[in-house]
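Chemist: Prediction below, plus the sequence it came from.
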Amino acid sequence: MSLDPVLRARIDTLLAQHRVVLFMKGTPDAPQCGFSARAVAALAPLGIDYAHVDVLADPEIREGIKQYGDWPTIPQLYIDGDLVGGSDIVEQMANAGELHAALGLSAPDRTPPAIAITPAALAMLHEALGNAGDGYALQVGIDARWNARLQLAPVDPQAIATTVDGLRVQFDLASARRADGLSVDWVDDARGRGLIIDIPNAPPKVRELSPVEAAGKLAAGALTLVDVRPPEERAFAQVKTRFETLDGDGLARLEALPKDTALAFLCHHGGRSAQAAEHFRQQGFGEVYNIVGGIDAWADADPAIGKY
């Protein structure tokens with residue numbers, strides 16, 4: 001079946017308007033499948049702006065893009081109107097520096113990270129590799145949330161790799177930069193039995209803040225408050241002090257703030273604000289708070305606010 005000319009024109013227009021387009025399931029902030037998440041993760045370290053199309057919200061595009069590029073799966077990345085491929089190809093090109101070249105970016109830093117592995121951990125890992133057989137290495141992955149994963153994987157000649165006392169340790173491009181200074185230990189004590197991984201580059205975790213504590217910091221000028229609720233919710237109840245929102249270009253404006261800006265996030269009960277706080281932590285902000293209980297708890301401390 002040939003692609004409908006109207007749909008082809010829609011896709012042509014999308015690709016003409018944006019140099020880089022990712023057709024995916026979900027959005028970059030909330031991918032709805034593992035393959036789309038992998039493509040987003042591969043693009044993130046490049047620091048580029050790219051358009052995305054959520055095919056789950058547009059069934060016509062979901063099927064049409066498969067015919068357009070004669071590529072049967074989602075996600076699909078296009079650069080300058082040309083199909084690059086799916087998540088596997090995007091990951092491979094990103095790790096090899098080929099994606100940087102395609103986008104006209106400087107070659108990525110492929111310097112192996114400096115890491116430390118204690119003798120106890122080395123002994124355990126050498127034993128595990130020995131049991132796996134020849135041709136395996138320790139693969140270290142650190143995702144955008146700074147969660148570390150260690151696994152045995154086939155030796156990848158294209159990976160960024162270092163050797164610690166005869167143990168090959170390999171990384172993808174994004175993980176290599178996050179792993180600088182990483183240490184691995186093996187423990188068998190009150191903490192449990194297993195590997196302990198420390199990532200000193202990881203930004204501090206989101207901290208909890210009570211409404212009373214938040215009010216004190218705001219009065220001292222030591223905090224920027226962000227109410228993540230939409231305008232229709234804020235109309236029911238809001239704090240009696242200056243705050244930022246995500247309305248319009250609010251997200252981009254806040255992301256452009258200096259990374260040492262202290263940010264506290266507020267919603268109705270604390271769930272959506274926790275997600276927003278985690279997003280800004282991942283953007284490199286070092287002092288990020290979630291206001292426990294949200295505006296509902298704030299109203300307990302200040303009945304003038306009201307509840308809904």
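Modeler: Sure, I can see it. In this text the structure is predicted, and so the values were computed from the model without any measurement.

Chemist: Tell me where the chain has helices.
Modeler: Remark: helices assigned in the chain by DSSP state H are 5-17, 34-43, 59-68, 87-96, 98-102, 119-132, 173-178, 211-219, 231-234, 250-255, 271-282, 294-301.

Chemist: Output the contacting helices and strands for the fifth one.
Modeler: So that's helix 98-102. Packed against helix 98-102 by the contact rule (3 or more Cβ pairs under 8 Å, 6 or more residues apart in numbering; DSSP states H and E) you find helix 87-96. Placement of C-beta: from N, CA and C, glycine included.

Chemist: Mind listing residues that contact the helix it packs on?
Modeler: Contact with helix 87-96 is made by 35-36, 38-39, 42-43, 45-46, 75, 77, 84-85, 98-100, 102, 158-160, 172-174, as judged by Cβ atoms under 8 Å, 6 or more residues apart in numbering.

Chemist: What's the ChimeraX line that selects buried ones from these?
Modeler: Filtering the contacts of helix 87-96 down to the buried ones (16 or more other Cβ atoms under 10 Å) takes a single ChimeraX command:
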select :35,36,38,39,42,43,45,46,75,77,84,85,99,100,159,160,172,173,174
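
Chemist: Which parts of this protein belong to which domain?
Modeler: 5-102, 116-198, 207-301 (automatic domain parsing).

Chemist: nearest to residue 307, of those?
Modeler: Minimum separation from residue 307 across the domains of the chain (Cβ to Cβ) falls at domain 207-301, 4.9 Å.

Chemist: distance between the ends of the closest one?
Modeler: In domain 207-301, first residue to last residue: 20 Å (Cα to Cα, to the nearest Å).

Chemist: show me where the stretch 101-250 of the chain has strands.
Modeler: Along the stretch 101-250 of the chain, counting by DSSP state E, counting those that start in this stretch, strands occupy 116-117, 136-142, 148-154, 160-164, 167-171, 183-189, 192-198, 207-209, 224-227, 244-245.

Chemist: quick one: the fourth one to helix 119-132, angle?
Modeler: It refers to strand 160-164. Strand 160-164 runs at 110 degrees relative to helix 119-132, counting by axes from the mean of the first three to the mean of the last three Cα atoms, to 10 degrees.
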